Structure formats: structure tokens, C-alpha cells
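whatever this is, show me its structure:
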Amino acid sequence: MGWNDVEIAGTPVEAFEPAGSRFAVLWLHGQDEDSPSTNALITNLLERHKLACVAPRGGQSWWLEPPSVLPWMRERWRGIAAAGVEMGGQGAIRLALQNPREFRVAAGLGSAIDFHDLHGRGTAIDDLFPSKERARQATATLHMHPSEWPPHLWFACDPADPWYRGNDRLHEKLRAYGVPHTADLESSGSDYFKAMLKPMVEFVAEGLERESRRLM
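All right, here's what the predicted structure looks like:
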């Protein structure tokens, strides 16, 4: 079973559904708009853990709104996790912090948490927000649900990554509020992203399984 190009609720997506999959990952791409279908390691990890995956094409939306594919995914699978890298990583974390009842499992790798720092640099952020401060108000760190949090939240960022500081701030805030989460802000290396994909997907698979048992 490979990846298929389909259209769901008017949104073009790439979908992967290994045999026996009960859960699915909503994969949000980064600024480069690369699909997980082009990464053999991601595909192998999804297949190993029997995780379906739906990867919508969102352009430079910065995933500020929940993708329209979600109702279709809810009808098809028992549980949905949000995950992504860079722009998509912050989108996944933001979705979970805003909607912890719906996204109880989320993971972000090298997440662009402090995307407001791009304002004024000629990126899509300039079109999405009139000012750097308005952009900052929309970041995941300031968009936490006031009283509920996702029980399975994972994020990691190489200390050498330009996005590290935002991840560090988010970790500090979650810790101050007593929000359970797993953050790896120490690992580093030349094959960083390749090395971190395995623990990322494993965390997602385990979180979905735990949530499934909780609901039984």
C-alpha cells in the first residue's frame, strides 16, 4: 500500500493507509511544502506502527486554522494525532494546545514556534498578520487552552536550530503550568531530523494506543 493523491472536502491531500491501521496522523508540512510521501523513513515508520497518514497541502498558510479534512478522518479512524516539522510542527502543537479534547496526541520536530520573528522579512507571515505583535499573539505559546491540555505532547529541537528559542520558551511555559509533555531540547547532530523521526513516530503511536485503551 503506497501513497495516493486524493481530494477531501475540497483540499488536495496525500494519503497513506497501511493494512490494519486503526489510527491516523494528520501530517502538516513545513515551509518547503515537502510531503511525508517523499521520505522513505517516515513511510516505513508509519507502516511499522500501522498508522495511516493524511497530509493536506496547505501552502504557506502556517496552519492557523484546522484543516478541512478532519471530519473525514474522524469517521474513518479511531484516533487522530497531529504531527509535523518546522511550520507544520508548530501547527500540530498549536492545534493540540487549542483543542486538547480533539487532539490528545501531538508532536513537532524543529517547530517554528516563534514564527512572529519572520514578520517583516518578506514571508507569508507579512500577508497573514499586520504586525509582529499580532503574529506573536497567534503563536502556540499564547494559544493554550486555559484549563485543559493534551496528555501526549512531544516536541524536539536541535540547539543549533534557528527555531530553538521558541521551543525552549514553550517548554518553560508548559513546565510552569504543570502541563505534562516530553521535550528533547538537547539532542543534536548532522542527521538530526532523520534520527529524531523514529522517537517522534513512536511517541505518536504509543499515545494513540494509550488513548484508545482509556476510552474502552
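
use CA for all of it now, contacts and neighbours both
OK.

quick one: low-confidence ranges for this protein?
1, 215-216 (pLDDT under 70).

and the residue nearest to Pro66 when sequence neighbours are not counted, how many residues sit next to it?
Distances taken as Cα to Cα, 6 or more residues apart in numbering put Leu95 closest to Pro66, at 7.0 Å, once the chain neighbours are dropped. Using other Cα atoms under 10 Å, the number of residues around Leu95 comes to 26.

distance between the host helix or strand of Leu95 and the chain's centre?
Element membership of Leu95 [criterion: DSSP states H and E] is helix 87-98. Distance, stretch centre to chain centre, for helix 87-98: 5 Å (Cα atoms, centre = their mean, to the nearest Å).

again with stretch 79-98
With Cα atoms, centre = their mean, you get 3 Å for stretch 79-98.

can you name every helix or strand that the helix holding Leu95 contacts?
strand 23-28, strand 79-85, strand 105-109 (3 or more Cα pairs under 8 Å, 6 or more residues apart in numbering; DSSP states H and E).

buried set for the lengthiest helix in the chain?
Using DSSP state H to define each element, the chain has its longest helix at helix 192-215. Buried residues in helix 192-215, counted by 16 or more other Cα atoms under 10 Å: 193, 196-197, 200-201, 203-205, 207-208, 211.

OK, contacts around the residue nearest to Pro66?
Leu95 is in contact with 66, 82, 103, counting by Cα atoms under 8 Å, 6 or more residues apart in numbering.

by neighbours, which of these wins?
Going by other Cα under 10 Å, Ala82 tops the contacts of Leu95 with 28 neighbours.

wait, doesn't it sit right on Glu102?
No. Applying Cα atoms under 8 Å, one finds Ala82 not in contact with Glu102, separated by 10.0 Å.

what is in contact with those two at once?
Ala96.

where exactly do the helices run in the chain?
For the chain, helices defined by DSSP H occupy the ranges 40-48, 70-76, 87-98, 124-128, 132-137, 164-177, 192-215.
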